[in-house]
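Colleague: All I have is the shape, not the residue letters:
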């Protein structure tokens, strides 16, 4: 698909460094993918860094004894395959499309490395993204001990509310419950039980839509047990919206 | 303490960028700390980035409802407080010395930011460190689902073997078992049970020393269930040593 400059302007990675990207625009392509399409394989040399333009991608890993673990769920604006920032690195997971018609931007790793090698400000920007990702995953790890399963699910829903800017109503979640359970590190039964436990906090499931009737209440239930309480960006965004 | 240049030469962060650091050497200081000394507080503005020269530091967070979670254990060569790489950022955890006489190098955040803003190669090097940290913690998160408690303990011991280059004998572990349990996301009872379960794989505990009698056997027990099997740096180092 030809690349409309306006598409990229909506994403900070491009908007903040428009002049740097300009000579590279001919090397960038947006592609549209069917559900289940494999975008990158675990162990494959990281030839591209990807950005989700729209839709959803799961990042999974398989253990030698056959378990599958979902280590990431990416949606609009998220990057994956950042291994491509480093020469000779390989993807540490398999990336697979989980929503029909997902659109991805493929950035050749060599182009990206050219930018990071010559522009310290761009490199610093990416370092900031990695650091944010690191804080986020550190928090997820901590929440495995500090939050109950239903609170972890609640945190995931609050982030979706924030990402979809749906602070008062429905979240569309076109994702298999098996995938969400794997991502949240719980069994499918535990996920179902957790959804039931969130009912008193205003959560209602209607097929692929989840209704969040009372964000403030869900927020109180989840964030009261979280070490990031009061310092989390999702929380800020939700509170702003409410205020 | 006056800063002997030779001390820093042993650490890649300095050795690889000696000429960049030279004008900043007068701003760097190594300090020695007692057990339990608090180095940085969660939420405090990140004025320094720290490197452990020798000893051990724990990184912990407290949840609003009073739980304490250990999110990191740092030893010789490890950096912490990387929030200081970014202006106006605050520490996302409390850092506390857990071994008597721990020596730390304090790097003023402003000095470090000056380097990253003007030297893309240095910035890229730090981006690589963050990325490695990200992969490591992503793996830890995955292991919460994919490994049993005793395998997670075994993985931790293999990394210690590698760090202390003690591939055939004892690991000194001057760390409270409560801290290790918290770091591994398990209860103290589970840790004790896990140590017992590792006995058949050649693990013996003698006060602050853990004897690893058969690294290859422990390696097989742990890594056969791990998604990083065959692609992990610790593993590489251990196999090299054995070969």
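Modeller: Good, I have the coordinates. Source: prediction; values computed, not measured. Numbers count the residues shown, from 1 in each chain, chains lettered A, B, ... in the order given.

Colleague: Starting from the longest helix along chain A, tell me the next helix or strand along the chain.
Modeller: Ranked by number of residues, the top helix in chain A under DSSP state H is helix A:120-146. For helix A:120-146, the following helix or strand on the C-terminal side (DSSP states H and E) is helix A:149-163.

Colleague: in the longest helix of chain A, what counts as buried?
Modeller: Counting neighbours by 16 or more other Cβ atoms under 10 Å in any protein chain shown, one finds that the buried residues in helix A:120-146 are A:120, A:122-127, A:129-131, A:133-146. All C-beta atoms are positioned from the backbone trio N, CA, C, and that covers glycine.

Colleague: before we move on, what about stretch A:185-198?
Modeller: A:185-186, A:190-191, A:194-195, A:197-198.

Colleague: How about residues contacting stretch A:214-229?
Modeller: A:139, A:142-143, A:146-148, A:151, A:154-155, A:157-158, A:161, A:167-168, A:198, A:201-203, A:212, A:230, A:232, A:235, A:238-239, A:241-242, B:42, B:61-65, B:67, B:69, B:92 (Cβ atoms under 8 Å, 6 or more residues apart in numbering or on different chains).

Colleague: and the longest helix of chain A, average pLDDT?
Modeller: Helix A:120-146 carries an average pLDDT of 87.

Colleague: Which elements pack onto it?
Modeller: Helix A:120-146 makes packing contacts with helix A:109-118, helix A:149-163, strand B:68-75, helix B:109-118, helix B:120-146 when contacts are defined by 3 or more Cβ pairs under 8 Å, 6 or more residues apart in numbering or on different chains; DSSP states H and E.

Colleague: Make TSV from those and add distance to residue B:32 to it.
Modeller: Output for the helices and strands packed on helix A:120-146, formatted as TSV (distance: least, Cβ to Cβ, whole Å):
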stretch	distance to residue B:32
helix A:109-118	37
helix A:149-163	40
strand B:68-75	15
helix B:109-118	21
helix B:120-146	25
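
Colleague: Nearest to residue B:83 among the ones you listed would be which one?
Modeller: helix B:109-118 (8.3 Å; Cβ to Cβ).

Colleague: Check the gap between residue A:75 and residue B:228 for me.
Modeller: 26 Å (Cβ to Cβ, to the nearest Å).

Colleague: Ignore what I typed, I meant residue A:98.
Modeller: For residue A:98 relative to residue B:228 (Cβ to Cβ), the value is 23 Å.

Colleague: From residue A:46, how far out is the closest residue to residue A:116 other than its chain neighbours?
Modeller: Among residues not flanking residue A:116 along the chain, residue A:123 sits closest, at 4.3 Å (Cβ to Cβ, 6 or more residues apart in numbering or on different chains). For residue A:123, the distance to residue A:46 (Cβ to Cβ) stands at 17 Å.

Colleague: residue boundaries of the strands in chain A?
Modeller: Per DSSP state E, chain A carries strands over the ranges A:29-33, A:38-40, A:48-54, A:56-62, A:68-75, A:79-80, A:94-97, A:102-108, A:169-172, A:203-206, A:209-212.

Colleague: now, which of the buried residues of stretch A:185-198 lie close to chain B?
Modeller: residue A:185 (Cβ under 8 Å from any Cβ of the partner chain).

Colleague: What is the nearest of the buried residues of stretch A:185-198 to residue B:175?
Modeller: residue A:185 (25.4 Å).

Colleague: Do I have it right that the closest one meets residue B:141?
Modeller: Yes - the criterion here is Cβ atoms under 8 Å, and residue A:185 meets it with residue B:141 at 7.4 Å.

Colleague: wouldn't residue A:164 be in contact with residue A:172 here?
Modeller: Yes - taking contacts as Cβ under 8 Å, residue A:164 lies within contact range of residue A:172: 7.0 Å.

Colleague: Closest to residue B:107 out of the buried residues of stretch A:185-198?
Modeller: For the buried residues of stretch A:185-198, the nearest to residue B:107 is residue A:185 (35.1 Å; Cβ to Cβ).

Colleague: Which phi and psi values does that closest one adopt?
Modeller: With angles defined as degrees, to the nearest 10, residue A:185 sits at phi 70, psi 40.

Colleague: can you tell me which residues contact it?
Modeller: Applying Cβ under 8 Å, 6+ apart, the residues contacting residue A:185 are A:144, A:152, B:141, B:144-145.

Colleague: will you turn those residues into JSON lines that also has distance to residue A:116?
Modeller: Listed next are these as JSON lines, based on distance: Cβ to Cβ, whole Å:
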{"residue": "A:144", "distance to residue A:116": "32"}
{"residue": "A:152", "distance to residue A:116": "34"}
{"residue": "B:141", "distance to residue A:116": "26"}
{"residue": "B:144", "distance to residue A:116": "32"}
{"residue": "B:145", "distance to residue A:116": "33"}
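
Colleague: Now flag whichever of these is closest to residue B:30.
Modeller: Distance to residue B:30, by Cβ to Cβ, is smallest for residue B:141 among the contacts of residue A:185, at 33.3 Å.

Colleague: per-residue pLDDT, the residue sitting nearest the centre point of chain A?
Modeller: Centroid-nearest residue in chain A, with Cα atoms, centre = their mean: residue A:74, separated by 3.2 Å. Per-residue confidence (pLDDT) for residue A:74: 92.

Colleague: close enough to count as contact, it and residue A:80?
Modeller: Yes - between residue A:74 and residue A:80 there is a contact at 5.1 Å, judged by Cβ under 8 Å.

Colleague: what bits of chain A have low per-residue confidence?
Modeller: Chain A contains residues with pLDDT under 70 at A:1-5, A:166-169, A:174, A:235-243.

Colleague: Spell out which residues are contacts of both of residue A:185 and residue B:141.
Modeller: residue A:144.

Colleague: Next, the contact list for residue A:119, please.
Modeller: By Cβ under 8 Å, 6+ apart, the neighbours of residue A:119 are A:17, A:20, B:120.

Colleague: Quick check: the second one touching residue A:122?
Modeller: Yes - under the criterion of Cβ under 8 Å, residue A:20 is in contact with residue A:122, at a separation of 6.0 Å.

Colleague: My understanding was that residue A:75 contacts residue A:52; is that so?
Modeller: Yes - the pair residue A:75 and residue A:52 qualifies as a contact (Cβ under 8 Å) at a distance of 5.7 Å.

Colleague: who's more crowded, those two?
Modeller: Neighbour comparison, residue A:75 and residue A:52: the larger count goes to residue A:52, with 23 against 17 (by other Cβ atoms under 10 Å in any protein chain shown).

Colleague: Quick check: bridge partners of the more buried one?
Modeller: Beta-bridge pairing for residue A:52 (DSSP bridges): residue A:104.

Colleague: again with residue A:72
Modeller: residue A:59.

Colleague: show me the contacts for it.
Modeller: Residue A:72 touches A:58-59, A:80, A:93, A:183, counting by Cβ under 8 Å, 6+ apart.

Colleague: Then residue A:59?
Modeller: A:70-74, A:80, A:93-95.

Colleague: Now tabulate the residues you listed in TSV and tack on distance to residue B:112.
Modeller: Supplementary listing: the contacts of residue A:59 in TSV, determined by distance: Cβ to Cβ, whole Å:
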residue	distance to residue B:112
A:70	35
A:71	30
A:72	29
A:73	33
A:74	30
A:80	28
A:93	30
A:94	35
A:95	33
